[in-house]
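Engineer: Using only what follows, build the 3D model:
(2 chains)
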2 protein chains.
Amino acid sequence: MSTPDTPLAGLRIVECATFVAGPSGGMALAQLGAEVVRVDLPQGGGDHQRWPVAPNGTSLYWHNLNKGKRSVTIDYRTPQGRELLVALATAPGPNAGIYLDNVAGRSGLRYEELAARRPDPIHVHVQGHPSGKPAVDYTVNAEVGVPDMTGPRDHSAPVNHVLPAWDFLTGMTAATGVLAALHRRASTGEGSAISLALSDVALASVGNLGWLAEARLAGEGRARLGNHTFGSFGVDFPTADGRRVMVLALTPGQWNALCTATGTTEVFAALEPVFDADLSTESDRYRLRDTIEAILRPWFERRNLTEVGERLDQARVLWGPYRDTHEAATRALADPSSIVTEIDQPGIGPMATSAGPLRWSGDTQAPVPAPLLGADTDAVLSRDLGLSPAELGKMHDAGLVSGPPAPQH
Amino acid sequence: MSTPDTPLAGLRIVECATFVAGPSGGMALAQLGAEVVRVDLPQGGGDHQRWPVAPNGTSLYWHNLNKGKRSVTIDYRTPQGRELLVALATAPGPNAGIYLDNVAGRSGLRYEELAARRPDPIHVHVQGHPSGKPAVDYTVNAEVGVPDMTGPRDHSAPVNHVLPAWDFLTGMTAATGVLAALHRRASTGEGSAISLALSDVALASVGNLGWLAEARLAGEGRARLGNHTFGSFGVDFPTADGRRVMVLALTPGQWNALCTATGTTEVFAALEPVFDADLSTESDRYRLRDTIEAILRPWFERRNLTEVGERLDQARVLWGPYRDTHEAATRALADPSSIVTEIDQPGIGPMATSAGPLRWSGDTQAPVPAPLLGADTDAVLSRDLGLSPAELGKMHDAGLVSGPPAPQH
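Structural biologist: This next block holds a predicted model:
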């Protein structure tokens, strides 16, 4: 069996997007073998310096979100620069003519501009709200009600989660959209004008969980549950050595395993008639979650994490330890089968980072570093638009394009 | 310009997956026009009764996560049932032979079984850890360090977020993987054996944000920031009428807008030399976030949400109101351009739900209800496997297949 892990090799995508959503979608396609040319303004986009940063001030954020891409800089706010960007985005060939952006306002390319150059462009436009009104992960998260349900039960205010989940999900949805449009173009010869709003991704998702239906039927939102899992049994427990574990019993088998591991099978068997409960059902485990938690807690509090883990694994309990990102990174780096490795990132040096999560035939890929800003300007513009060194030189002199940057010291 | 919003029409996918990740990925493909046949055990999977539930006890969760699919039930734990599932998953044709599952253990189909029937199967296998060790959203979230960074600054324990973000991102990554493998099959004629672990999706994502690199360089994880946005200025403010808004200033323009709206331009101009700060930079806004928050808070506390929103919009501030899911659902239902609508869901009745977020030429789709369990068993098995009514009758009698269910009362 062949094991090529670059199923999109040959595909050419032009990306003009900043922050997390669009760039993470483009990177997903690059990690599948597509050539993704990220286009920025000559001075870099609004995300080029974002935190976290390395000791030398270089953005760890930008260089992790643009791995494996090529970088071209063009001042696309000028008429001449816009013309270059349109030409790149509509380069000929069945595997080109794909444009992913999140540029708002007058600088943004319109589908009609692309369709004037080739009959079948694919344009995926990422935005905040479908109306074009700006929004970011943090604002759409508040708007759909997730922080209202998140956090300790005794906390009176909504709690933001730190993961930009909507950005990542929007990015991967954009990647799916690109490939779906490509499938359609191969079948019908037609292009696609696709728009994708962060707020729609968030609404679609809370709808998909049944949360919108639930709230409409209940006439109110769901109360905060702390670290408890809704509708089943799952909660965190502290261990004797100051660690903490997340433990769940979603299925009857997992519940039996948890009782076995903690020696509580007979306790709960005796409790069921008292509470008129059948703890083999998720709904009764959920109803009695505080009681279950109180009964199990001492078992965890008396044992160190190592012993807890061994006992839970032995009984096949569904659980995981809480870690901080440092422990997570360090453990993953020590595991040769992990997708996390240290690479030599131009501009930064040794950098812990991750490959894509899709494993072809079980194989992990090696993460590919991000380009320096403008590293591929001349190579891509000469190859795709046939610009001569003299023409490129004039564009550099005029500030229309930039890069590659001077060598690092 | 044509506006077909079913770019995957004609594609046939067999899904044998439960809970959120696999089913949400299959649903994304169904919402793009693919025929997705979900296969369950005759009694339904472990997710068929999950909360939230409607007043009649029917799962809002299951019926929202399987919209637009077809439902076939097969007892694939028996040799005869397994044979039916393999045959369905390897049905002939360039647009079939695609199998998405999360079945663990002996019941799970192996790629080699599929490859024995057609040379080019596509198998995307979703799992917890790459080793096959079980994991769910809640455990991988703890393991990569997100709860450790989430929650109020004065809270001593990690805070789980309620959104199953890793499940959704894994599902959409699986959808991207299916389409990438299909692209590869169209180019090379080859099949693909793809595995995708929740824990890899989580590690890839925190790596992509630079969090793993940051932690390795810092030698520790990042401290909790409450509702503050890392590396920039963003935080929530209470309003006079007991509401709350999330407000951000990620770019210099957004910062100027916020100062303008709140009449604080001169205050901050006077403060910059005192703090040796340039508040047009994200890093200085982040460093002085508590000061900025304290200065802005009274402006919000003296105004109702309506006035706050009008003033912020007028100045083009980046902001959003916190809502609960009931308000989010009710507002979306009242908006005819929203992807949220009420549908008539068999088994439930009127149900608020969402369409997919990808808008082709700006159009929203109408959400398609979920099937009843086993609704398509006979139709799909007779069409794809050529089974006669007599053969199907014997299988029903033997409990090998089931459905369609009796009409609802």
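Engineer: so A:Ile348 makes contact with A:Val53?
Structural biologist: No: shown here, A:Ile348 and A:Val53 do not form a contact pair, counting by C-beta atoms under 8 Å, at 9.4 Å. In this view, the C-beta of every residue, glycine as well, is placed from N, C-alpha and C.
Engineer: Looking at those two, which is more packed in?
Structural biologist: A:Ile348 (24 against 21; other C-beta atoms under 10 Å in any protein chain shown).
Engineer: what residues are up against the more buried one?
Structural biologist: By C-beta atoms under 8 Å, 6 or more residues apart in numbering or on different chains, A:Ile348 lies in contact with A:54, A:56, A:58, A:60, A:63, B:213.
Engineer: Mind checking which of these are buried?
Structural biologist: Buried by 16 or more other C-beta atoms under 10 Å in any protein chain shown: A:54, A:58, A:60, A:63, B:213, out of those.
Engineer: Not counting its neighbours along the chain, what's nearest the first one?
Structural biologist: Taking C-beta to C-beta, 6 or more residues apart in numbering or on different chains, and ignoring the residues beside it in sequence, A:Ala54 has A:Ile348 as its nearest neighbour in space, at 4.9 Å.
Engineer: Could you export the buried ones among the contacts of A:Ile348 to JSON lines, including columns for distance to A:Asp200 and pLDDT?
Structural biologist: Output for the buried ones among the contacts of A:Ile348, formatted as JSON lines (distance: C-beta to C-beta, whole Å; pLDDT from 0 to 100):
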{"residue": "A:Ala54", "distance to A:Asp200": "35", "pLDDT": "97"}
{"residue": "A:Thr58", "distance to A:Asp200": "34", "pLDDT": "97"}
{"residue": "A:Leu60", "distance to A:Asp200": "30", "pLDDT": "98"}
{"residue": "A:His63", "distance to A:Asp200": "29", "pLDDT": "98"}
{"residue": "B:Ala213", "distance to A:Asp200": "32", "pLDDT": "98"}
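Engineer: Any chance of CSV for the residues you listed, columns secondary structure?
Structural biologist: Below are the buried ones among the contacts of A:Ile348 laid out as CSV (DSSP: H, G, I helix; E, B strand; the rest coil):
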residue, secondary structure
A:Ala54, coil
A:Thr58, coil
A:Leu60, helix
A:His63, helix
B:Ala213, helix
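Engineer: Against which helices or strands is the helix or strand where A:Pro273 lies packed?
Structural biologist: A:Pro273 is part of helix A:265-275, with elements assigned from DSSP states H and E. The elements that helix A:265-275 packs onto, with contact taken as 3 or more C-beta pairs under 8 Å, 6 or more residues apart in numbering or on different chains; DSSP states H and E, are helix A:252-262, helix A:289-301.
Engineer: closest one to B:His123 among these?
Structural biologist: Proximity to B:His123 (C-beta to C-beta) singles out helix A:252-262 among these, at 25.1 Å.
Engineer: how about that closest one as PDB, C-alpha atoms only?
Structural biologist: Extracted as PDB, the C-alpha positions of helix A:252-262 are listed here (Å, rounded to 0.1, in the frame of the first residue of the first chain):
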ATOM      1  CA  PRO A 252     -22.500   1.300  31.500                       C
ATOM      2  CA  GLY A 253     -19.200  -0.300  30.900                       C
ATOM      3  CA  GLN A 254     -17.300   2.800  32.000                       C
ATOM      4  CA  TRP A 255     -19.500   3.100  35.100                       C
ATOM      5  CA  ASN A 256     -18.800  -0.500  36.100                       C
ATOM      6  CA  ALA A 257     -15.100   0.100  35.500                       C
ATOM      7  CA  LEU A 258     -15.100   3.100  37.800                       C
ATOM      8  CA  CYS A 259     -17.000   1.300  40.500                       C
ATOM      9  CA  THR A 260     -14.600  -1.600  40.200                       C
ATOM     10  CA  ALA A 261     -11.500   0.500  40.400                       C
ATOM     11  CA  THR A 262     -12.600   2.400  43.400                       C
END
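Engineer: Now tell me what touches it from outside.
Structural biologist: A:233, A:247-249, A:264-265, A:268, A:279-280, A:285, A:296, A:299, A:311-312, A:314-318.
Engineer: and if we set it to 6 Å?
Structural biologist: A:249, A:265, A:268, A:280, A:296, A:299, A:311-312, A:315-318 (C-beta atoms under 6 Å, 6 or more residues apart in numbering or on different chains).
Engineer: need those in a markdown table with neighbour count, can you?
Structural biologist: Putting the contacts of helix A:252-262 into a markdown table (neighbours: other C-beta atoms under 10 Å in any protein chain shown) gives the following:
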| residue | neighbour count |
| --- | --- |
| A:Ala249 | 26 |
| A:Thr265 | 14 |
| A:Phe268 | 23 |
| A:Ser280 | 15 |
| A:Leu296 | 22 |
| A:Trp299 | 17 |
| A:Arg311 | 16 |
| A:Leu312 | 21 |
| A:Ala315 | 16 |
| A:Arg316 | 16 |
| A:Val317 | 24 |
| A:Leu318 | 24 |
